[in-house]
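Chemist: after the sequence you'll find the predicted model.
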Amino acid sequence: MVSWQPLVEQLVRERGPRLTAYAALLVGRDGDAEDLVHDALVKVFSKRRRLESVGEAEAYVRSAMPSIVIDRARSAASRRRAMDRSFEREPARPDLEAGLDVRRALRELAPREQVCVVLRFFDDLTVPQIADRLGLAQGSVKRYLYDATARLAPLLDVTEDWEEEPMTIDVVAAKGRGQ
């Protein structure tokens, strides 16, 4: 048995639900979230880095997820453009029901906006930290956050200024199929 396998097994056993819940914020659907966790595990453990603890491995897996989401979106967008240049996407409807949940609302955002919102409000990263993690200019991150919060406010029926009171949400891992 290769030395990294017990660490992966322990990581999935102990932190798998938390990683899947985090991934669901990034991609919106549980099946896609599980795929994202798997891809992040492969990405992290296929490199020959020495990870000493489950906490360290979890941090690497979590940090790999946003770039995977953006890369997937970029690839999917490229395939769509190649298949049909005249494809018109239906715009997001601001009149969605008031009880719309956060995960569903996040799916209405562009991938970079979605990733920036999750990193800012879930991981509590600053704009410079998000810019550094994603390799973007701080101004770009600010624009993504501004556009995203403007689109999320009516979807989530938020009327107060988001900067005055921090918004927190509990993230609970979804139960697996058949449970």
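Modeler: Everything's here; your move.
Chemist: list the buried residues for the lowest-mean-pLDDT helix or strand in the chain?
Modeler: When each helix and strand of the chain is scored by mean pLDDT, DSSP states H and E, helix 54-83 comes last, with a mean of 78. Going by neighbour count (16 or more other C-beta atoms under 10 Å), the buried part of helix 54-83 is 54, 57-58, 60-62, 64-66, 68-70, 72-73. Just so you know, the C-beta spots here come from the backbone N, C-alpha and C atoms, and that holds for glycine as well.
Chemist: contact partners of the helix or strand hosting Ala40?
Modeler: Element membership of Ala40 [criterion: DSSP states H and E] is helix 30-46. Here helix 30-46 makes contact (C-beta atoms under 8 Å, 6 or more residues apart in numbering) with 4, 8, 11-12, 16, 19-21, 23-24, 26-27, 51, 57, 60-62, 64-65, 68-69, 174.
Chemist: can I get that helix as PDB, trimmed to CA atoms?
Modeler: The C-alpha trace of helix 30-46 is given here as PDB (Å, rounded to 0.1, in the frame of the first residue of the first chain):
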ATOM      1  CA  ASP A  30     -24.900  17.300  -4.800                       C
ATOM      2  CA  GLY A  31     -23.800  14.900  -7.600                       C
ATOM      3  CA  ASP A  32     -21.600  17.600  -9.100                       C
ATOM      4  CA  ALA A  33     -20.300  18.400  -5.600                       C
ATOM      5  CA  GLU A  34     -19.200  14.800  -5.100                       C
ATOM      6  CA  ASP A  35     -17.500  14.800  -8.500                       C
ATOM      7  CA  LEU A  36     -15.700  18.000  -7.600                       C
ATOM      8  CA  VAL A  37     -14.400  16.500  -4.300                       C
ATOM      9  CA  HIS A  38     -13.200  13.500  -6.200                       C
ATOM     10  CA  ASP A  39     -11.400  15.600  -8.800                       C
ATOM     11  CA  ALA A  40      -9.800  17.800  -6.100                       C
ATOM     12  CA  LEU A  41      -8.600  14.700  -4.300                       C
ATOM     13  CA  VAL A  42      -7.100  13.300  -7.500                       C
ATOM     14  CA  LYS A  43      -5.500  16.700  -8.200                       C
ATOM     15  CA  VAL A  44      -4.000  17.000  -4.700                       C
ATOM     16  CA  PHE A  45      -2.900  13.500  -4.300                       C
ATOM     17  CA  SER A  46      -1.500  12.900  -7.800                       C
END
